[in-house]
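> Following is a predicted model, sequence given first.
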Amino acid sequence: MAEPVADPEREIKRLQRCINDLVSLLALPAIWSSNEPAQIVAMLLDALLRMVRLDFACARLKDPATGVPLEIFRVADSFKLKAPPQDIGAMLSNWLKREGHDSLPPTGSRFAREDISIFPVPLGIHGEIGMILVGSERAGFPSQTESLLLSVAANQASIGLREAAVLTEQKRIANELDRRVAVRTAELAATNEELRKEIAARKLEEEKLWRSEERWRSVFENSAVGVALTDLTGRFIATNPVYQKMLGYAEAELQQLTFLDITHEEHLPENRRLIEDLLGGKRQQFQIEKRYRRKDGQAVWVRNNVSAVLDADRVARFLIALSEDMTQRKLSEEALAKARAELAEVARSSSLGVLAASIAHEVNQPLSGIITNAGTCLRMLSADPPNIDGARETVRRTIRDGNRASDVITRLRTLYSRKELSPESMNLNEAAQEVTELSLSELQRNGVMLRYELADDLPLVVADRIQIQQVILNLLRNAADAMSSIDDHPRELLIRTERDGGNQVRLSVQDSGIGLTRQAAGNIFEAFYTTKTDGMGIGLSVSRSIIEAHQGRLWATPNDGPGTTFSFAIPCTLDLDEAEAGVNRSAQSTDAA
């Protein structure tokens with residue numbers, strides 16, 4: 001049997017107030033018109049402060065639209081804090097930030113040094129939406145009725161927040177759909193406009209094509225160069241009179257052939273590769289110089305400009321245009337190349353004649369030694385008793401001098417021999433010394449004082465030894481010639497080697513001669529330009545070709561005092577494919593060094 005109520009009238013009023021509060025809480029969703037989470041929670045906290053007579057209330061949750069944490073605090077006007085407000089706010093905020101129910105204050109917990117009871121109210125079944133903390137100084141807070149009101153308030157707020165999240169997402173989706181519809185509508189409108197323009201442009205092109213057909217036929221027939229049209233297999237469709245005359249075929253005869261049928265075998269691989277690039281879209285057109293075979297069997301050089309075009313039916317075909325007869329130009333080029341080769345041979349012979357005296361001196365010395373040693377050996381063998389040990393030593397000296405003479409001849413032969421690029425690992429210091437030995441007598445006769453500054457740590461280089469020595473020899477001769485008229489100061493010639501950057505070596509030839517004028521400095525490396533009265537002007541040009549074939553550079557700089565310094569730098573390693581290409585480009589002039 002239930003215990004009687006001490007004051008029934010007061011209890012009835014309390015229950016009526018509780019019912020009124022419940023009705024008010026249930027009516028809150030009707031005034032949450034904006035569906036903003038911050039507004040919902042703020043109105044809820046304000047209502048709870050009044051209904052439950054709270055001293056303070058605070059809430060923490062995430063905005064469902066932005067995910068940004070929201071923190072809202074409410075304090076009753078009549079509540080007087082005994083602790084600093086910032087301390088209370090920080091501790092409440094820390095409680096609200098913790099995850100999991102184990103870290104939340106239990107129901108009725110006392111807060112810090114304040115005589116305040118704290119009550120947690122989760123938003124959502126497990127607090128997944130957020131958390132509300134309420135506090136009051138009243139003893140026994142919260143009562144059963146207050147707990148009920150707080151629970152109902154939390155449920156109402158949770159429902160409102162979920163609805164707000166759903167409405168927010170619906171608005172987002174609706175806005176996104178509107179945006180996509182607008183974008184798609186604009187795209188369709190743009191596409192329709194492009195189609196309209198394309199149709200109009202196509203009609204205009206068809207009209208232009210129709211109007212220009214007769215003009216094209218006139219140009220085709222009356223062009224000054226050969227013009228041909230083929231299908232994708234290369235078979236001739238149409239040719240103009242110039243093209244027919246150039247090859248000696250009638251129109252009907254050419255239509256039985258492809259352009260590959262009349263192309264010289266040497267040019268077929270390159271021609272096929274260019275056609276594949278054209279069909280594959282790698283290029284829109286190409287130019288090729290090649291030989292055609294005429295009907296009478298003779299070869300004719302032509303320059304062809306080839307491109308893929310569309311005919312009126314949008315079918316791709318080849319317009320081999322501007323087939324210009326280049327036979328006469330090719331014959332002239334071959335004649336010029338032959339003349340240059342002959343001129344290079346003359347230059348080689350001239351260089352050999354200049355060195356003849358020096359070479360004779362170099363060879364005569366070991367020959368004289370051989371004769372002297374042979375006579376000494378005979379006397380030693382004729383003695384009584386024969387001087388066998390002395391004769392043996394004399395024979396050794398004879399062999400030494402013979403080898404010395406042989407080495408001079410060998411260096412001369414290799415220096416002036418014709419040979420392909422033959423890179424080898426070599427010491428630039430040794431190569432320079434071998435060359436100067438051939439020219440030493442000539443330099444001494446001309447009063448030239450030769451000095452060396454050769455780097456001890458010079459790395460090996462990969463190069464054609466003979467070609468590099470040809471360049472060094474040419475620089476030595478030029479330096480000696482530049483000092484031949486000098487009488488007011490010593491004729492000094494310095495050969496220097498050094499590192500040039502991380503992967504290159506440099507050789508310099510410095511003279512004390514007459515130097516270079518401004519005009520000569522700008523033209524000295526051009527073919528057939530010379531400052532000498534008896535010079536041919538090809539030595540430095542050829543030397544530069546050799547150095548560039550070795551992927552290096554050759555240059556000249558004026559000295560601080562009298563004279564000029566010529567230098568070249570080459571890499572320690574050599575790209576053989578590039579080097580071979582460089583040699584081929586300068587093959588007609590290399591021998592002139």
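Good, I have the coordinates. No experiment lies behind these values; they were computed from the predicted model shown.

> Going by neighbour count, list what's buried in stretch 235-255.
235-236, 239-240, 242-244, 246-247, 249, 254 (16 or more other C-beta atoms under 10 Å). C-betas here are computed from N, CA, C, even on glycine.

> I meant stretch 173-182, not that one.
By 16+ other C-beta under 10 Å, stretch 173-182 has no buried positions at all.

> What about the buried residues of stretch 235-255, which are in strands?
Those of the buried residues of stretch 235-255 mapping onto strands are 236, 239, per DSSP state E.

> Farthest pair within the buried residues of stretch 235-255?
Across those, the longest distance by C-beta to C-beta is 19.8 Å; it joins R235 and V242.

> would you list every one of the helices in the stretch 301-450 of the chain?
Taking DSSP state H, counting those that start in this stretch to define them, one finds helices in the stretch 301-450 of the chain at 327-382, 388-415, 428-445.

> domain parsing for this protein?
13-173, 223-325, 327-417, 424-592 (automatic domain parsing).

> closest to A189 out of those?
Per C-beta to C-beta, nearest to A189 of the domains of the chain: domain 13-173, 24.2 Å.

> same question for that closest one, mean pLDDT?
The average pLDDT within domain 13-173 is 73.

> do stretch 489-505 as well
Here stretch 489-505 scores 89 as its mean pLDDT.

> Show the end-to-end separation of it, please.
End-to-end distance for stretch 489-505: 31 Å, by C-alpha to C-alpha, to the nearest Å.

> now it, how far from the chain's geometric center?
35 Å (C-alpha atoms, centre = their mean, to the nearest Å).

> which residues in the stretch 101-250 of the chain form strands?
Secondary structure of the stretch 101-250 of the chain, counting by DSSP state E, counting those that start in this stretch: strands at 109-110, 117-123, 130-136, 226-230, 236-239.

> Note down every partner strand of the last one and its orientation.
In its sheet, strand 236-239 lies beside strand 226-230 (antiparallel), with partners assigned from DSSP bridges.

> If you count residues, where's the longest helix of the protein?
Secondary structure of the chain per DSSP state H: the longest helix is helix 144-222.

> Which elements pack onto that helix?
Applying 3 or more C-beta pairs under 8 Å, 6 or more residues apart in numbering; DSSP states H and E, one finds that helix 144-222 contacts helix 8-31, helix 37-51, strand 117-123, strand 130-136.

> so how many other residues sit close to R396?
Neighbour count for R396, taken as other C-beta atoms under 10 Å: 11.

> For it, give its distance to T436.
To T436, R396 is 27 Å away according to C-beta to C-beta, to the nearest Å.

> Same check on D296?
D296 is 59 Å from T436, by C-beta to C-beta.

> which one of the two has more residues nearby?
T436 (17 against 7).

> how about the more buried one, what does it touch?
443, 450, 476, 495 (C-beta atoms under 8 Å, 6 or more residues apart in numbering).

> mind giving me TSV with these and columns for distance to W555?
As requested, those are exported to TSV (distance: C-beta to C-beta, whole Å):
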residue	distance to W555
L443	23
L450	22
L476	17
I495	17
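
> picking up where we left off before, can you tell me which of the buried residues of stretch 235-255 is closest to T191?
Of these, the one sitting nearest to T191 (C-beta to C-beta) turns out to be R235, at 40.4 Å.

> May I have the residues that are in contact with that closest one?
Applying C-beta under 8 Å, 6+ apart to R235 gives the contacts 255, 257-258.

> Looking at strand pairing, list the partners for it.
Beta-bridge partners, per DSSP bridges, of R235: T258.

> ok so, going back, make a markdown table out of the strands of the stretch 101-250 of the chain and add distance to R465.
As requested, the strands of the stretch 101-250 of the chain are arranged in a markdown table below (distance: least, C-beta to C-beta, whole Å):
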| stretch | distance to R465 |
| --- | --- |
| strand 109-110 | 97 |
| strand 117-123 | 91 |
| strand 130-136 | 87 |
| strand 226-230 | 50 |
| strand 236-239 | 54 |
